[in-house]
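[1] kindly generate the corresponding structure for this input.
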Amino acid sequence: MPSDSGTYSLHTPPGSFRSFKILIAAEYSSIPVSIPEYDAAKVSQLSPAGRPPVLVTPSGAHLFESGAIARYFSSLRKEETGLMGRGIYEEAEVDMWCDWAASELELPGSVWVYPVVGHMPYYESA
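    Just a heads-up that it's a prediction; the model follows:
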């Protein structure tokens, strides 16, 4: 059981792709996560970056950035789940693929998806 047992609150807009990896890591680690109704003003107060996602732990501590939160959940039960790898080399491989996905998939994907959902204007050159 995680040392910070209890319910975690993930502050994120509905359907945010950045939160999917967090929720997947929590599910694989059997960690309960609640998602309160999204409040942008509250997120601005909780996150130094001023943007979601933000995790509030049962002890009241805050984490921001989706990769850091997903790694946190994966590490809470890493011996049981193996999500962070088994040993230093496998841990580096996990970090390698997470970093690659963040820079090579998420960023280009957001340039294509954000105009469709109205988060930014469409630029044909993108």
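[2] measure S59 to Y8 for me?
    Distance of S59 to Y8, given as C-beta to C-beta, to the nearest Å: 10 Å. All C-beta atoms are positioned from the backbone trio N, CA, C, and that covers glycine.
[3] what are the contacting residues of the helix or strand of the chain with the lowest mean pLDDT?
    Every helix and strand of the chain was ranked by mean pLDDT, DSSP states H and E. The lowest is helix 107-117, at a mean of 76. If you take C-beta atoms under 8 Å, 6 or more residues apart in numbering as the criterion, helix 107-117 is touched by 17, 120-123, 126.
[4] so S59 and Y8 - more neighbours on which side?
    Each of S59 and Y8 has its neighbours counted (other C-beta atoms under 10 Å); Y8 has more, 23 against 9.
[5] contact partners for that one?
    By C-beta under 8 Å, 6+ apart, the residues touching Y8 are 26, 31-34, 55-58.
[6] 10 Å instead, please
    By C-beta atoms under 10 Å, 6 or more residues apart in numbering, the contact list for Y8 reads 2, 22, 26, 31-35, 55-58, 63, 69, 72-73, 76.
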